[in-house]
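Q: coordinates only, sequence not included:
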């Protein structure tokens, strides 16, 4: 690759980034007590580490990549119930402007969900299992042979290609599952661009960030809607009104996210990464 002076140290920076995020996850879970915010921070760090790991993927045997990626994914899933309970409650409280919708029984049910998730987290080995898995992957990556910058750029190309493929699947048949996959791919791309830090990709980074954020809220709203519909108590009319209000917001988020995805993934993968040669990604 011509003129790669701005990415010559990319493998070193990727390795440091992944290690920093794994250490941050361990630190968040390592206190005498672990707050909901600690769990949220740990999950974010794990997702960022998985995004950075994808830049290494072309240099790894596929079973090796899958082993590390799945270990970190499963570690994150051990934290998901507590994070989801907290986020669902906060998301619901964000609708407080809709005072005309009865909400006390729903809020009570969400508080109970969070309390149960906290109890489960505190009384099981979830934290120990999570930290053990993170520590094992961190140690394995620390001993992994160095890779070259060209390999990392190929990793970025593959991430971008996966995002284009996810968008194409949404175009063919829109569904919550396909939007969720597009969200994940946008998040991986955002992390990869953050790590690479090449000039000229600021707009792409911002697009990926917005897509991931909007589709993340869309996903959480879908889960919240389902939870409300099953909260019981003979509140059918109230639940239908809440479902209508939530879906209105979802539709707005989906329109914005998909429009931004069309902008982000309009190039071919080879053309996208070619911007790294001259620092002009956009």
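A: Okay, I see it. Everything numeric in this text was worked out from a predicted model, so none of it was measured.
Q: quick check: mean pLDDT across the host helix or strand of residue 216?
A: Using DSSP states H and E, residue 216 sits within helix 202-229. Mean pLDDT, helix 202-229: 93.
Q: the one helix or strand residue 64 maps to: what's the following helix or strand?
A: Under DSSP H and E, the secondary-structure element containing residue 64 is helix 62-93. Read in the C-terminal direction, the helix or strand following helix 62-93 is helix 104-123, with elements assigned using DSSP H and E.
Q: next, the angle from the helix or strand that that next one is followed by to helix 104-123.
A: Read in the C-terminal direction, the helix or strand following helix 104-123 is helix 126-142, with elements assigned using DSSP H and E. When axes from the mean of the first three to the mean of the last three CA atoms, to 10 degrees is applied, the directions of helix 126-142 and helix 104-123 differ by 60 degrees.
Q: could you identify the helix or strand that succeeds helix 126-142?
A: By DSSP H and E, the next helix or strand past helix 126-142 is helix 149-172.
Q: name the residues that touch that following helix?
A: Contacting residues not belonging to helix 149-172 are listed as 1, 4, 7-8, 10-11, 14, 51, 54-59, 178-179, 181-182, 184-186, 188-189, 192-193, 196, 208, 258, 261-262, 264-265, 269-270, 272-273, 276 [CB atoms under 8 Å, 6 or more residues apart in numbering]. From N, CA and C alone the C-beta is placed, and that goes for glycine too.
Q: hmm, back to that, tell me the buried residues in the helix holding residue 216?
A: When burial is assessed from 16 or more other CB atoms under 10 Å, helix 202-229 yields the following buried residues: 204-205, 207-222, 224-225, 227-228.
Q: what helices and strands are in contact with the following helix or strand past that helix?
A: Next along the chain after helix 202-229, taking DSSP H and E as the criterion, comes helix 236-264. In terms of contacts (3 or more CB pairs under 8 Å, 6 or more residues apart in numbering; DSSP states H and E), helix 236-264 is packed against helix 149-172, helix 176-196, helix 202-229.
Q: the lowest-mean-pLDDT helix or strand in the chain - contacts with which helices or strands?
A: For the chain, scoring each helix and strand by mean pLDDT, DSSP states H and E identifies helix 269-278 as the least confident one, at a mean of 81. With contacts taken as 3+ CB pairs under 8 Å, 6+ apart, helix 269-278 sits against helix 149-172.
Q: check which residues of the least confident helix or strand of the chain are buried.
A: When burial is assessed from 16+ other CB under 10 Å, helix 269-278 yields the following buried residues: 269, 272, 273, 274, 275, 276.
Q: likewise stretch 21-28?
A: Residues of stretch 21-28 classed as buried under the neighbour-count rule (16+ other CB under 10 Å) are 21, 22, 23, 24, 25, 26, 28.
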